[in-house]
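1. one predicted model, sequence on top.
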Amino acid sequence: MQIGLLGKANVGKSTFFSAATQTTVASGNFPFTTIEPNIGVAYVQADCACKHFEIKHENELCVNGIRFIPVKLIDVAGLVPGAHEGKGLGNQFLDDARQAEVLIHVVDIAGTTDLQGQSVAVGTHDPLEDVAFVQDEFDQWFADILKREWDKITREIDQKRAKLTDGIAKRFSGLGIRDFQVQEILQKLGFMAKNPKEWNDDDIENFVKELRKGTKPMIIAANKADLCKDLSILKKITDNAIPCSAETELLLRKASKAGIVSYSPGGKGFTVVEGKEIPTAQQKALDMVKSVFSKIPSTGIQQILNTAVFDSLNLIAVYPVEDENKLADKDGIILPDAKLIPQDSTAKDLASLVHADIAKGFLHAIDCKTKQRISGDQKLKNGDVIKIVSTLSRG
Ligand SMILES: Nc1nc2c(ncn2[C@@H]2O[C@H](COP(=O)(O)OP(=O)(O)OP(=O)(O)O)[C@@H](O)[C@H]2O)c(=O)[nH]1
Ligand SMILES: [Mg+2]
């Protein structure tokens, strides 16, 4: 599971990354601060299964019944218009983010940066332009891959009776795109029976646009919302757009770590820890943070990560255990692990994820909430606690 952060230069991708992963990486008010990608671990939140059983357990990833589930986050170099032709840092960002299953497109919603990522006065750049150009760069990049190889694909079909689906899928395999996904889009557009020789540039462009949308879902992180004068601009964005302030989240996480405030990621506010002496500069910063919460319901960072995983990718969280009565692993650790799996996953799919041998010897599973036996092809639900019964153990 990998989430990619991408967007124009200087919009706050690295600040988002630092806040979400609690690792400090370079950020600065100029374009191309980031060149090499940053990879780290962020967390999405789900209700922990302990809530259902009304049990208490010691697990640093369960805080008051909210389970923090790790996901990989990748922050890449910024892009400028023409990146697919090598402008700015070119396509490097796309290569770095190619394995990401879902993309968070960070936009400077306050319009404080021009198309090249240079700082400009608040509200002087139209963020809608950025939403369009970044998607366009992506589509162009996809289209270039296909156009470059189109003659070859056509020849392979003519001479070797190769399948169109396979020919296209091969060119996109480096992006983690699978042949069934290519086939779905070809079917959707009615292109399955169309001779590749008859495809024109528009056909290729339409096809890659659908392929991009279908395989790399994008959420818009409308960042720098703290500076934005009129957030009603969000209504003009057709994709899923969530207002956020990465800088506010970063500040709160730091203040929380320093023991100055009590704040939980995703929270609708914070409280100052009683009895703390707060220097004037920090007090000023906290006052600013307060005013951000009067503008947006939360800093948006956690909500964006949760939306990416649970809404865009439709994943569910399930809890594999080895002891269905104690809800524990063999060392007695209660609800040791939460796994993110696609919505239609079966008990057998979960077994494969836990260990190949366990899947090989799969007999049945037990739904620990109902204590019922379930078969390998039964679909799992969000929040399920599952014991897998297998003739083989891991390793
Ligand atoms: N006001 C405000 N400033 C922000 C916010 N997020 C980031 N910034 C500032 O925006 C500038 C750019 O932030 P970065 O995180 O370096 O942006 P980036 O998108 O990673 O930039 P490149 O790596 O150069 O593409 C920095 O000065 C940040 O402090 C925010 O939510 N609000
Ligand atoms: Mg950066």
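-> That came in fine, so what should we check first? Ligands and ions are numbered 1, 2, ... in the order given.
2. could you pull up the mean pLDDT of whichever strand or helix holds residue 149?
-> Here residue 149 is covered by helix 127-160, with elements defined by DSSP states H and E. Mean pLDDT, taken over the full extent of helix 127-160, equals 90.
3. residues in contact with the one helix or strand in the chain whose mean pLDDT sits lowest?
-> Lowest on mean pLDDT, DSSP states H and E among the helices and strands of the chain sits helix 92-96, with a mean of 74. Counting by Cβ atoms under 8 Å, 6 or more residues apart in numbering, helix 92-96 makes contact with 6, 35, 37, 74, 76-79, 83, 138, 141, all of which sit outside it. Quick note: C-beta positions are derived from backbone N, CA and C, even for glycine.
4. select only the buried ones of the residues you listed in ChimeraX?
-> In ChimeraX, a selection of the buried entries from these looks like this (16 or more other Cβ atoms under 10 Å):
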select :6,37,74,76,77,78,79,83,138,141
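5. which of the contacts of helix 92-96 fall within helices?
-> Among the contacts of helix 92-96, the ones falling in helices (DSSP state H) are 138, 141.
6. show me the two of the contacts of helix 92-96 that sit farthest apart.
-> Taking every pair in the contacts of helix 92-96 and measuring Cβ to Cβ, the maximum separation is 19.8 Å, between 35 and 138.
7. just to revisit the earlier point, by how many degrees do whichever helix or strand comes after the least confident helix or strand of the chain and helix 127-160 diverge?
-> Counting by DSSP H and E, the next helix or strand C-terminal to helix 92-96 is strand 102-108. If you take axes from the mean of the first three to the mean of the last three Cα atoms, to 10 degrees, strand 102-108 sits at 150 degrees to helix 127-160.
8. partners of strand 102-108 in the sheet?
-> When sheet partners are counted by DSSP bridges, strand 102-108 sits next to strand 2-6 (parallel), strand 218-223 (parallel).
9. deepest of those, which one?
-> Among the strands paired with strand 102-108, the stretch with the highest mean neighbour count (mean count of other Cβ atoms under 10 Å) is strand 218-223, at a mean of 26.
10. just the helices in this structure please.
-> For the chain, helices defined by DSSP H occupy the ranges 13-21, 50-53, 92-96, 127-160, 164-172, 179-188, 201-215, 246-257, 280-293, 301-306, 347-354, 356-360.
11. weakest of these by average pLDDT?
-> Mean pLDDT values for these show the minimum at helix 92-96, a mean of 74.
12. what distance separates that helix from the middle of the whole chain?
-> Taking Cα atoms, centre = their mean, to the nearest Å, the mean C-alpha location of helix 92-96 is offset from the chain mean by 16 Å.
13. sketch out the strands for the stretch 251-395 of the chain, chain order is fine.
-> Assigned strands in the stretch 251-395 of the chain, in chain order: 261-262, 271-272, 315-321, 339-342, 362-367, 372-374, 385-390 (criterion: DSSP state E, counting those that start in this stretch).
14. pipe these into JSON lines and attach mean neighbour count per row.
-> As requested, the strands of the stretch 251-395 of the chain are arranged in JSON lines below (neighbours: other Cβ atoms under 10 Å):
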{"stretch": "strand 261-262", "mean neighbour count": "18"}
{"stretch": "strand 271-272", "mean neighbour count": "12"}
{"stretch": "strand 315-321", "mean neighbour count": "23"}
{"stretch": "strand 339-342", "mean neighbour count": "16"}
{"stretch": "strand 362-367", "mean neighbour count": "18"}
{"stretch": "strand 372-374", "mean neighbour count": "14"}
{"stretch": "strand 385-390", "mean neighbour count": "20"}
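15. mind checking which of those is nearest ligand 1?
-> Among the strands of the stretch 251-395 of the chain, the nearest to ligand 1 by Cβ to the nearest ligand atom is strand 261-262 (17.7 Å).
16. quick one, domains of this protein?
-> Here the domain parsing of the chain from automatic domain parsing is 2-127+217-307, 137-208, 316-390.
17. among those domains, which is the most enclosed?
-> Taking mean count of other Cβ under 10 Å as the contact definition, the stretch among the domains of the chain with the greatest mean neighbour count is domain 2-127+217-307, which reaches a mean of 19.
18. end-to-end on that domain?
-> One end of domain 2-127+217-307 to the other measures 14 Å (Cα to Cα, to the nearest Å).
19. for that domain, the distance to its chain's centre please.
-> Distance of domain 2-127+217-307 from its chain centroid, counting by Cα atoms, centre = their mean, is 12 Å.
20. wait, does it contact ligand 1?
-> Yes: Domain 2-127+217-307 lies within reach of ligand 1 by Cβ under 6 Å from any ligand atom, at 9-15, 27-29, 31-34, 78, 223-224, 226-227, 245-247.
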